[in-house]
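Participant: Mind folding the following:
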Amino acid sequence: MVSEKDVEHIGELADIGIDAAELATFTGQFNAIVEYFDVLDKVHGDDAGARDRYNILREDEAEPSLPREVALQNAGAQEDGFIKAPRVM
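Facilitator: Below you'll find the predicted structure:
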């Protein structure tokens with residue numbers, strides 16, 4: 001169980017200003033989070049990998065791309081059929 005003193009210490013470590021009015025609320029929220037972790041600790045993971053595996057991604061299929069003129073029509077600058085970008089040094 002997390003105490004109000006623990007919450008104050010965590011607030012100082014995180015450089016968060018927690019005033020006295022918020023301290024009880026934050027303490028309750030911290031304890032609720034810790035209870036969720038206690039539930040997770042009780043879960044047995046013996047059959048975690050026993051499910052069937054399947055690919056949810058689509059197969060790659062070659063499709064025609066845009067014509068060069070259409071792809072370059074919004075380019076700021078072009079050179080020899082390519083987008084020309086500013087030089088980076």
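Participant: what residue ranges in the protein score low on pLDDT?
Facilitator: Residue ranges of the chain with pLDDT under 70: 45-51.
Participant: List the buried residues of the top helix by length along the chain.
Facilitator: Identified as the longest helix of the chain according to DSSP state H is helix 20-41. Neighbour counts over helix 20-41 (16 or more other Cβ atoms under 10 Å) mark Phe26, Thr27, Phe30 as buried. Using the backbone N, CA and C atoms, a C-beta is placed for each residue, glycine as well.
Participant: Save these as a markdown table, and put in distance to Arg58 too.
Facilitator: Formatted as a markdown table, those follow (distance: Cβ to Cβ, whole Å):
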| residue | distance to Arg58 |
| --- | --- |
| Phe26 | 46 |
| Thr27 | 48 |
| Phe30 | 43 |
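Participant: of those residues, closest to Tyr36?
Facilitator: Phe30 (11.0 Å; Cβ to Cβ).
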